[in-house]
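Student: after the sequence you'll find the predicted model.
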Amino acid sequence: MAYQALYRKWRPQTFDDMVGQSAVTHTLKNAISNHKTSHAYLFTGPRGTGKTSAAKVFAKAINCPNQTNGEPCNECDICKGITNGTIGDVIEIDAASNNGVEEIRDIRDKARYAPTQAEYKIYIIDEVHMLSTGAFNALLKTLEEPPQKVIFILATTEPHKIPATIISRTQRFDFRRITSQEIIDRLAYILDQEGIEYEADALSVVARCANGGMRDALSLLDQMISFGDGKVTLDEAIQVSGSLTDDLMIDFVKDLQETKAEEALEKLQQLFKIGKEASRLVEEWLEFARDLLIAKQSGEAIGRSERFLQFKDEVEPEFLYRFVEALNQTQQEMRFTTKPTISLEVLTIKMAQPYTLTPRTSSGAPAMPSSEEVQQLQQQIAQMQQQMNALLQGGAPQAQQAPKTQTPRPTRATFKPNTTAIQKILTEATREDLLKVRDLWGDLLSCLNPQEQALLSQSTVNAAGPNGFVLGFAYDHLCDISETRPGFREVIQEHLERLGGYSGTFVAVTQHQWPQIRADFLQERKKNQEEEAVSIVTEEPAVEDSLTPEEQAFEQKVNDTIELFGEDIVQIEE
């Protein structure tokens with residue numbers, strides 16, 4: 001018989017054979033034995049944790065005529081046929097290569113037919129998250145109205161990619177990562193059954209490299225058996241897996257803690273020469289530092305050497321915290337660099353720099369200062385209190401203070417508007433021009449760049465005539481910017497003329513200056529009028545027909561002024 005890989009040969013055939021998933025297997029066994037199975041299941045979890053194996057064991061157990069307490073017998077024709085893949089009622093589909101709508105529709109059509117050999121027809125869809133949106137929609141209808149005697153088992157490593165409408169119609173089981181100790185125990189059992197010699201430390205290396213996946217652990221173990229001519233040793237495990245021994249990591253970390261940068265760099269270069277990858281080194285050091293911190297608290301370290309347990313008492317926790325933080329930062333930087341070895345060299349030099357640690361006692365608590373130091377501090381505090389009391393009571397003649405001269409605060413620069421230009425605009429101002437400019441303002445803002453838009457968004461058109469308009473700002477510095485910004489005035493004038501044929505320019509003024517300027521203009525204008533005209537304005541409307549043309553023209557101007565500025569601002573005095 002041809003050689004069969006260990007992960008295939010030792011694939012779980014019963015729920016009890018599965019490692020590290022007791023909650024899942026116990027629930028499934030009870031559901032089968034009590035005949036309370038669902039029509040759809042969702043198995044999620046990292047790779048190599050037993051999702052597909054659990055699905056096939058479930059298919060055997062629910063169809064086995066001799067099942068006991070939810071476990072298949074593995075002796076009947078149904079169990080053997082499912083194990084060998086010769087039963088047509090158990091269909092295993094790879095969604096990565098069959099992810100289209102047509103494939104799912106074909107499954108949906110065939111699911112209507114009753115099983116031919118087994119009691120239930122089982123569809124195992126692996127990597128179901130690879131299905132397209134249309135395929136999920138086609139599968140959804142079947143899950144909503146499942147045919148009798150049909151069970152769907154969906155397996156995935158990325159459940160977040162599955163639509164919520166699919167998840168809500170299934171029973172979800174989360175497969176967790178398998179612990180290192182569980183992997184070590186399973187590997188030891190398999191090697192004993194195979195009659196292969198091994199070293200316990202070698203299995204610890206395999207368990208760390210497997211990262212919680214039993215299939216990865218068995219594949220790596222298979223490779224080590226081939227490398228070592230049927231024997232698994234620690235040296236061979238390190239060579240095959242590319243891992244670091246505890247001695248190498250302890251020597252490196254010890255050089256860093258003792259600020260021996262040259263020796264640490266030399267050890268790092270040796271690791272690079274034998275082919276160690278920078279990313280793998282960072283992961284190994286992170287796990288090493290984590291295990292040291294845990295060992296300092298619990299006193300135990302699974303799969304670590306005796307020297308490791310001794311070294312945990314020699315390294316300071318503050319150093320390990322800095323080491324982990326620096327490793328995490330370096331790991332992020334290495335994702336965006338083409339030379340990760342440089343990042344590790346910089347890390348080595350940085351960690352080997354002198355660093356002041358807080359003195360600690362043997363129990364790990366911060367060391368208390370000596371009695372002499374405490375006494376000195378108390379004397380200094382007493383002297384400072386005496387000096388403070390003397391100053392408060394004015395009893396310190398030797399420390400007579402010189403009179404302080406208050407530094408004058410710089411006054412805020414006030415913007416000076418061009419009142420002459422404003423008065424000229426007000427003389428010609430009309431309501432029609434004011435409304436025209438305000439109507440064009442929104443279109444004007446859309447033509448400007450973001451900086452110019454931000455400036456004008458804080459402004460208001462207060463008055464407008466045919467040749468210009470008064471633009472009010474909330475702050476003085478905005479007025480300065482509008483008046484001194486190169487080309488700003490020309491841009492405003494050009495856009496207004498293009499948008500509405502208005503050719504006037506603006507004069508800036510602050511909003512708190514505008515009421516006084518407007519009142520001064522009205523007062524000056526009243527003084528220039530003749531007394532007769534003022535008396536005509538204040539007479540009854542019945543006399544209007546007897547006004548001269550000059551008086552009627554003046555009255556019209558007064559009315560325009562009232563309409564422009566408001567009746568509450570304009571006052572007519574004799």
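Tutor: Thanks, I have it.

Student: okay, now the domains of this structure?
Tutor: Annotated domains of the chain cover 6-174, 245-355, 419-528 [automatic domain parsing].

Student: run through the stretch 151-300 of the chain and note the low-pLDDT ranges.
Tutor: Along the stretch 151-300 of the chain, the model assigns pLDDT under 70 to no residue.

Student: ranges for the strands of it?
Tutor: Using DSSP state E, counting those that start in this stretch, the strands of the stretch 151-300 of the chain run over 171-174, 197-198, 231-232.

Student: related to what we said a few turns ago, hey, which of the domains of the chain is tucked in deepest?
Tutor: Among these, domain 6-174 has the highest mean neighbour count (mean count of other C-beta atoms under 10 Å), at a mean of 18. C-beta: built from backbone N, CA, C; applies to glycine.

Student: how far does it stretch from start to finish?
Tutor: 25 Å (C-alpha to C-alpha, to the nearest Å).

Student: hang on, the earlier thing: need the strands of the stretch 151-300 of the chain in JSON lines with distance to Phe136, can you?
Tutor: Below are the strands of the stretch 151-300 of the chain laid out as JSON lines (distance: least, C-beta to C-beta, whole Å):
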{"stretch": "strand 171-174", "distance to Phe136": "16"}
{"stretch": "strand 197-198", "distance to Phe136": "46"}
{"stretch": "strand 231-232", "distance to Phe136": "45"}
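
Student: Phe152 is nearest to which of those?
Tutor: The closest of the strands of the stretch 151-300 of the chain to Phe152 is strand 171-174. By C-beta to C-beta, the value is 10.7 Å.

Student: so who does the closest residue to Gly228 other than its chain neighbours touch?
Tutor: Once flanking residues are discounted, Gly228 sits nearest to Glu236: 4.4 Å by C-beta to C-beta, 6 or more residues apart in numbering. Residues counted as contacts of Glu236 (C-beta atoms under 8 Å, 6 or more residues apart in numbering) are 202, 224, 227-228.

Student: apply 10 Å and report the result again.
Tutor: Glu236 is in contact with 199, 202, 205, 223-225, 227-229, counting by C-beta atoms under 10 Å, 6 or more residues apart in numbering.

Student: so where's the stretch 451-574 of the chain uncertain?
Tutor: Counting by pLDDT under 70, the stretch 451-574 of the chain has low-confidence residues at 529-574.

Student: about what we covered before: got the domains of the chain as TSV, with distance to Ala217 columns?
Tutor: Conversion of the domains of the chain to TSV gives the following (distance: least, C-beta to C-beta, whole Å):
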stretch	distance to Ala217
domain 6-174	8
domain 245-355	13
domain 419-528	59
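
Student: so Phe173 is in contact with Thr44, correct?
Tutor: Yes. Counting by C-beta atoms under 10 Å, Phe173 touches Thr44, with 7.3 Å between them.

Student: which residues are common contacts for these two?
Tutor: Common neighbours of Phe173 and Thr44 are listed as 51, 155 (criterion: C-beta under 10 Å, 6+ apart).

Student: secondary structure element for Ile125?
Tutor: Per DSSP states H and E: Ile125 is located in strand 121-126.

Student: report how many residues lie close to Ile381.
Tutor: By the measure other C-beta atoms under 10 Å, the count of residues near Ile381 is 9.

Student: is it fair to say it lies in a helix?
Tutor: Yes. Under DSSP: H, G, I helix; E, B strand; the rest coil, Ile381 sits within a helix.

Student: how far away is it from Ala390?
Tutor: Taking C-beta to C-beta, to the nearest Å as the measure, Ile381 falls 15 Å from Ala390.

Student: how about Asp443?
Tutor: Asp443 sits 73 Å away from Ala390, going by C-beta to C-beta.

Student: do Met384 as well
Tutor: As judged by C-beta to C-beta, Met384 and Ala390 stand 11 Å apart.

Student: A helix includes Arg112, no?
Tutor: No. Going by three-state DSSP, the assignment for Arg112 is coil, not a helix.

Student: was I right to think it contacts Pro147?
Tutor: Yes. Using C-beta under 10 Å, Arg112 is in contact with Pro147, at 5.4 Å.

Student: helices of the stretch 301-450 of the chain, residue ranges please.
Tutor: According to DSSP state H, counting those that start in this stretch, the stretch 301-450 of the chain carries its helices in the segments 306-311, 317-334, 340-351, 371-393, 419-428, 431-446, 450-456.

Student: could I get those helices as TSV with distance to Ala59?
Tutor: Shown next, in TSV, are these (distance: least, C-beta to C-beta, whole Å):
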stretch	distance to Ala59
helix 306-311	45
helix 317-334	42
helix 340-351	46
helix 371-393	75
helix 419-428	91
helix 431-446	67
helix 450-456	64
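
Student: which of those comes out lowest on mean pLDDT?
Tutor: Ranked by mean pLDDT, those bottom out at helix 371-393, which scores a mean of 74.

Student: tell me the strands beside the strand holding Ile125, with direction?
Tutor: The pairing partners recorded for strand 121-126 under DSSP bridges are strand 90-94 (parallel), strand 150-156 (parallel).

Student: so for Pro354, which of the ones you listed sits nearest?
Tutor: Distance to Pro354, taken as C-beta to C-beta, is lowest for strand 150-156 among those, at 50.8 Å.

Student: kindly export that closest one (C-alpha atoms) in PDB.
Tutor: Extracted in PDB, the C-alpha atoms of strand 150-156 (Å, rounded to 0.1, in the frame of the first residue of the first chain):
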ATOM      1  CA  VAL A 150     -31.200  16.900   3.600                       C
ATOM      2  CA  ILE A 151     -28.600  18.500   5.800                       C
ATOM      3  CA  PHE A 152     -26.200  21.300   4.800                       C
ATOM      4  CA  ILE A 153     -22.800  21.700   6.600                       C
ATOM      5  CA  LEU A 154     -21.000  24.900   5.700                       C
ATOM      6  CA  ALA A 155     -17.300  25.200   6.700                       C
ATOM      7  CA  THR A 156     -15.300  28.400   6.500                       C
END
